[in-house]
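Peer 1: Sequence first, then the predicted structure:
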Number of protein chains: 2
Amino acid sequence: MVNKMKLTRVERGLTQAQLAKQVNATRQTIGLIEKGEYNPSLNLCIAIAKALNKTLDDLFWEGD
Amino acid sequence: MVNKMKLTRVERGLTQAQLAKQVNATRQTIGLIEKGEYNPSLNLCIAIAKALNKTLDDLFWEGD
DNA sequence: ATTTGATGCAATATTTATCTTGCATTAGTA
DNA sequence: TACTAATGCAAGATAAATATTGCATCAAAT
């Protein structure tokens, strides 16, 4: 599962810790989600999407 | 948090139990997500979206 | 060479989603 | 009326997400 979260975060010039703070998560959580080793909650996905000015589909949806 | 999941499910003529089976969840889980009392995992959201022929944004995103 | 910031990794603890089971209720229908 | 299907609700158990802490590594800057 490859998501575009890391790419977008780096594009925005944000560090994992900065993004984590914005979405009330931890750096570790962000890192593991980026690596595809976590199955994050919907609320966290939404918070991340908003922090990165993207939508859920942009970051977490892959066309069939 | 009002989502369009229940509306879409009913439109598709599916029962909570039928949808639950398709996404490997329980009827209760589906019911609680529909009521907005659960914060489902991304994987479950994706499975639900695919089962209903919708995308994440269709079901779980609300424009700012 | 050393310091600092960013990330990776890993063990444990805590919180929360999800399951399991069971019963109540409602609507439809035979 | 009785029967069935669909949904609501709720308590306890389990699994998984997330937090916490600490240390290692690597790159960039001093």
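Peer 2: Nice, I can see it.
Peer 1: wait, what's in contact with residue A:57?
Peer 2: B:55-57, B:61 (C-beta atoms under 8 Å, 6 or more residues apart in numbering or on different chains). The C-beta positions use only the backbone N, C-alpha and C, and glycine is treated the same way.
Peer 1: Now intersect these with the strands, please.
Peer 2: Judged by DSSP state E, strands contain none of the contacts of residue A:57.
Peer 1: Out of those residues, give me the one that has the most neighbours.
Peer 2: With neighbours taken as other C-beta atoms under 10 Å in any protein chain shown, the top of the contacts of residue A:57 is residue B:56, carrying 24 neighbours.
Peer 1: near DNA strand D at all, stretch A:13-25?
Peer 2: Yes: Stretch A:13-25 reaches DNA strand D (C-beta under 7 Å from any atom of the strand) through A:24-25.
Peer 1: what does that stretch rub up against?
Peer 2: Contacts to stretch A:13-25, defined as C-beta under 8 Å, 6+ apart, come from residues A:9, A:26-27, A:29-31, A:34, A:44, A:47-48, A:51-52.
Peer 1: Out of the residues you listed, list just those in helices.
Peer 2: Members of the contacts of stretch A:13-25 lying in helices (criterion: DSSP state H): A:9, A:27, A:29-31, A:34, A:44, A:47-48, A:51.
Peer 1: Quick check: phi and psi on the closest residue in space to residue A:53 that isn't next to it in sequence?
Peer 2: Closest residue to residue A:53 apart from its sequence neighbours, by C-beta to C-beta, 6 or more residues apart in numbering or on different chains: residue A:12 at 7.7 Å. Main-chain dihedrals, residue A:12, degrees, to the nearest 10: phi -80, psi 0.
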